[in-house]
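Peer 1: next one to model:
(4 chains)
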Number of protein chains: 2
Amino acid sequence: MLKKQLIMEKALELFSEQGFEATSVQQITERCGISKGAFYLSFKTKDELLISMVEYYLQQFVTDVDQVVRSSLSKDIILVEFYKSIFQAFKNHAASARVFFNEKVLLTKKELFQKIIAYDVEMSKSILYMLEQLYQDELQETKYDVMYCIKGFMKSYSELFIFSDIPLDLDQLARSLAEKTEIIARHTTIPFITEELVRLTEKPCDEEVTQESLLELIEQHLDGLEDTIERESLELLKDQVENPTYSKPIVKGLIENIRLQPDYRWVAYVIAKYFNM
Amino acid sequence: MLKKQLIMEKALELFSEQGFEATSVQQITERCGISKGAFYLSFKTKDELLISMVEYYLQQFVTDVDQVVRSSLSKDIILVEFYKSIFQAFKNHAASARVFFNEKVLLTKKELFQKIIAYDVEMSKSILYMLEQLYQDELQETKYDVMYCIKGFMKSYSELFIFSDIPLDLDQLARSLAEKTEIIARHTTIPFITEELVRLTEKPCDEEVTQESLLELIEQHLDGLEDTIERESLELLKDQVENPTYSKPIVKGLIENIRLQPDYRWVAYVIAKYFNM
DNA sequence: TATACTAATGACTAATCGGTCATTTGTCAA
DNA sequence: TTGACAAATGACCGATTAGTCATTAGTATA
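Peer 2: Below is the predicted model of the structure:
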């Protein structure tokens, strides 16, 4: 488990410097200070490494954003906090951002293409949830356009973090973009993105959270967990999936226990989705 | 000259399907129906091919946009026309857009990084020119933010063209984004992007159009030109660079002659810049 | 037809790739 | 100290790569 982490970190450095295809397994193992054989004990192939990395780093990003959006912050600061968390993430993980938001070699590998689209869909859902909380029914026709604008702001302004390391005032940036979002939401009258269009672009991925896939995911994460409160919570949640017995508040509490463990926020996110929380 | 074109076209197809690193010279030559040796008669290395392609396709895009911006369209339709031309280009050249706007492996090769930044700077200049024409002094503090928003809209909405081939109403899209731009320009009060910040991000590229570099560029393009009005015009312009004799209207007319030839709009663009037109 | 020239070929090389596996090293309990 | 097992190694493999170059094909002139 620790070895995997090390490999992923060093690989991220190299991918961000040279790109995926241009980086050899040899280079990765050299930077890790391990042998080539050791690499293949952790990952079956070079592609499997990439897939693991996409999952690991994009999960972090998506869950970060979702957490802010679902938090019970007051309406007048939630937009600012949303942008602040986004760009904080870009700042802290500039390397992974460089790889996963720009290197679209990833998109030529079909398995990854679907994965990345899926994470983008999750991100869109979080943004839409936020917009619904903020504007309720005021934003009927133009809701999806506002979402596209928000994603555009993110793409455009994130370049400041990805391609240079100029010190920036995150608060000012967040306030500036929150205002822009507010303006767009209040004044837009000509919509372009329709619900149907959104559905069409999301089409390739229709991966539902089934009971089986969830159990499998939980099983995977149980492997790497010590005997702690978190492990117990996850085991209880597994029972709950197979055979619902506990009440909603209890389940929610168990999920929150998991969420405290940084590496387990994704499982928490998926379980919460499964139980509609 | 024709062979180069063929190779670039087929290479673009392959790069857009598989990415640059994953495409071999062998594959390119096979799709062209030529031998490997013939490839190396046109391009010294695989990297040189990539550089030529970046120059060729990004030049087209930048000049397309600049032409609309500099046209004498009335203020109330110029924004719409701007967006229409952008997305028309994305639609027509989805393959090259896929390669050059997404595959940032390009950015790991330093020479290309600077080139791409340079074209992005040209694009920014065109957008700023348009904003100045539209809003004059009304947009002092927030001018650069509006530019970043426009670029964000482009990035976000262009995905519709790049990752799917859903039939879209370009007019509706252009009108929708023109309205959003107008709204942002009129209402934004909290700026974030300052002139200094823009200068910092542009820093790596400070390539001025010198007399020598311009003469070299003209020389290059004269090689591939038949004996026509265009050739004569270009030769006269070459003389004008070395030894200014003609008046402004005449020079402008000569430049326009060149611009009519699709492959020569870039030279026209650079010459116009040199003579401050 | 003979000559001179360029355009085009594809077998070839040296290097590098992802991936394997017989072997060595390290770590336990007995 | 021994033996059993797991962790780690790196020489090695076949495949593929970018790039070369002796050779051939095609064409225009005399």
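Peer 1: any weak-confidence spans in the stretch 151-277 of chain A?
Peer 2: Within the stretch 151-277 of chain A, the ranges that satisfy pLDDT under 70 run A:165, A:203-208, A:223-227, A:262-263.
Peer 1: quick one: the helices in it?
Peer 2: Here the stretch 151-277 of chain A has its helices, by DSSP state H, counting those that start in this stretch, at A:170-187, A:195-202, A:211-223, A:229-242, A:248-260, A:265-274.
Peer 1: please identify the helix or strand for the closest residue to DNA strand D within the stretch 1-150 of chain A.
Peer 2: Checking the stretch 1-150 of chain A residue by residue against DNA strand D with C-beta to the nearest atom of the strand singles out A:Gly37 as nearest, at 2.2 Å. Placement of C-beta: from N, CA and C, glycine included. Using DSSP states H and E, A:Gly37 maps to helix A:36-42.
Peer 1: after that helix, next one along is what?
Peer 2: In N-to-C order, the element after helix A:36-42 by DSSP H and E is helix A:46-70.
Peer 1: chain B is nearest to which of the helices of the stretch 151-277 of chain A?
Peer 2: Nearest of the helices of the stretch 151-277 of chain A to chain B, taken as C-beta to the nearest C-beta: helix A:170-187 at 3.9 Å.
Peer 1: what about that closest one, near chain B?
Peer 2: Yes - interface with chain B: helix A:170-187 contributes A:172-173, A:175-177, A:179-180, A:183-184, A:187 (C-beta under 8 Å from any C-beta of the partner chain).
Peer 1: what residues does the stretch 1-150 of chain A have near DNA strand D?
Peer 2: A:3, A:34-38, A:40-41 (C-beta under 7 Å from any atom of the strand).
Peer 1: about what we covered before: list the contacts of the residue of the stretch 1-150 of chain A closest to DNA strand D.
Peer 2: Counting by C-beta atoms under 8 Å, 6 or more residues apart in numbering or on different chains, A:Gly37 touches no other residue.
Peer 1: from the chain's centroid, how far away is stretch A:40-57?
Peer 2: The chain centre lies 17 Å from the centre of stretch A:40-57; the measure is C-alpha atoms, centre = their mean, to the nearest Å.
Peer 1: does that stretch come close to chain B?
Peer 2: No - applying C-beta under 8 Å from any C-beta, one finds stretch A:40-57 separated from chain B by no less than 11.8 Å.
Peer 1: anything in that stretch near DNA strand C?
Peer 2: Yes - if you take C-beta under 7 Å from any atom of the strand as the test, stretch A:40-57 does meet DNA strand C, through A:40, A:44-47.
Peer 1: for that stretch, what does the pLDDT average out to?
Peer 2: In this model, stretch A:40-57 has a mean pLDDT of 89.
Peer 1: and if you look at stretch A:18-26?
Peer 2: Stretch A:18-26 comes out at a mean pLDDT of 86.
Peer 1: report the buried residues of stretch A:230-246.
Peer 2: Judged by neighbour count (16 or more other C-beta atoms under 10 Å in any protein chain shown), stretch A:230-246 contains these buried residues: A:230-231, A:233-234, A:236-238, A:240-241.
Peer 1: and those residues as CSV, adding distance to A:Ser24?
Peer 2: Compiled in CSV, the buried residues of stretch A:230-246 are given as follows (distance: C-beta to C-beta, whole Å):
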residue, distance to A:Ser24
A:Glu230, 37
A:Arg231, 38
A:Ser233, 41
A:Leu234, 37
A:Leu236, 45
A:Leu237, 41
A:Lys238, 40
A:Gln240, 45
A:Val241, 42
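Peer 1: list only buried entries from the residues of the stretch 1-150 of chain A next to DNA strand D.
Peer 2: The neighbour-count criterion (16+ other C-beta under 10 Å) marks A:Ile34 among those as buried.
Peer 1: can you pick out the most distant pair from the residues of the stretch 1-150 of chain A next to DNA strand D?
Peer 2: Taking C-beta to C-beta as the measure, those span a maximum distance of 13.5 Å, between A:Lys3 and A:Lys36.
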